[in-house]
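K.L.:
Here's my sequence, what's the structure:
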Amino acid sequence: MKTILAAAVGLILALTVCACAGPRPIRNDRPDVDALVGRTWTAIQLDGKEVPTEPARITLELMVKNQIGGFSGVNRFFGSYASTRGGVISFTGVGATKMAGPPEAMANETALFNALNKAKSYRVRGAILDLMAGDRVLARFRG
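P.N.:
Predicted coordinates:
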C-alpha cells in the first residue's frame, strides 16, 4: 500500500512540475521563420511606394500553424503560408472581407494581395521584413 501511495505522490509531483514549466517551445525545422511568427508586421512600402500608416495601418501576422491574418487598410484578410529554410515562402488561400474603401486604400489593398500572391522569398533585416520575387521587393514591413 505504501508503494502505491508513494508512486501516486511521485506521479502527482511530476505532473505538477511539468505543468508549472509552461508551454514547451515550438519545435520548428525552420529557425529563420521563427523571427516572423507571432509578430504584427506593419506595411511601410508596397510595390515600391510608401504606404501611409494613417488613417489605418496595413498589417500582416504569420501564425504558428502556417496561418496568416491581417488588415489591408480596408478589409480583414486570412490565408495560409508555407516556408522552408533559406527564406523561401509562399502564400495560398488568401481571402478577405468585401468592404469598399477610398480609391487609394483599395489600391494599397490590391498591391498587398498582389505581393502575397507573387512572393517567392523573404528576408529579415533587424525589424524589417521584405517579401520578394527574385531581387525585387514586393512589400516591406516593419515589425
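
K.L.:
Tell me the confidence at the residue nearest the centre of the chain?
P.N.:
In the chain, the centroid-proximal residue (C-alpha atoms, centre = their mean) is Leu62; its distance is 1.1 Å. pLDDT for Leu62: 95.

K.L.:
how about the helices of the chain, start to end?
P.N.:
Using DSSP state H, the helices of the chain run over 2-20, 103-118.

K.L.:
mean pLDDT lowest for which of these?
P.N.:
Across those, helix 2-20 gives the lowest mean pLDDT, at a mean of 44.

K.L.:
from memory the residue nearest to the centre of the chain sits against Asp34, does it?
P.N.:
No - Leu62 lies out of contact with Asp34 (C-beta atoms under 8 Å); the separation is 10.2 Å. All C-beta atoms are positioned from the backbone trio N, CA, C, and that covers glycine.

K.L.:
Could you give the bridge partners of the residue nearest to the centre of the chain?
P.N.:
With DSSP bridges applied, Leu62 shows beta-bridge pairing to Val37, Ile68.

K.L.:
what ranges of the chain fall below the confidence cut-off?
P.N.:
Residue ranges of the chain with pLDDT under 70: 1-32.

K.L.:
Next, Gly134: phi, psi?
P.N.:
phi 70, psi -130 (degrees, to the nearest 10).

K.L.:
check contacts around it.
P.N.:
Lys120 (C-beta atoms under 8 Å, 6 or more residues apart in numbering).

K.L.:
Repeat the analysis, applying 10 Å as the threshold.
P.N.:
Gly134 is in contact with 118, 120-121, counting by C-beta atoms under 10 Å, 6 or more residues apart in numbering.

K.L.:
can I get these in TSV with neighbour count and distance to Pro102?
P.N.:
TSV is the format used below for the contacts of Gly134 (neighbours: other C-beta atoms under 10 Å; distance: C-beta to C-beta, whole Å):
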residue	neighbour count	distance to Pro102
Lys118	17	24
Lys120	14	31
Ser121	17	32
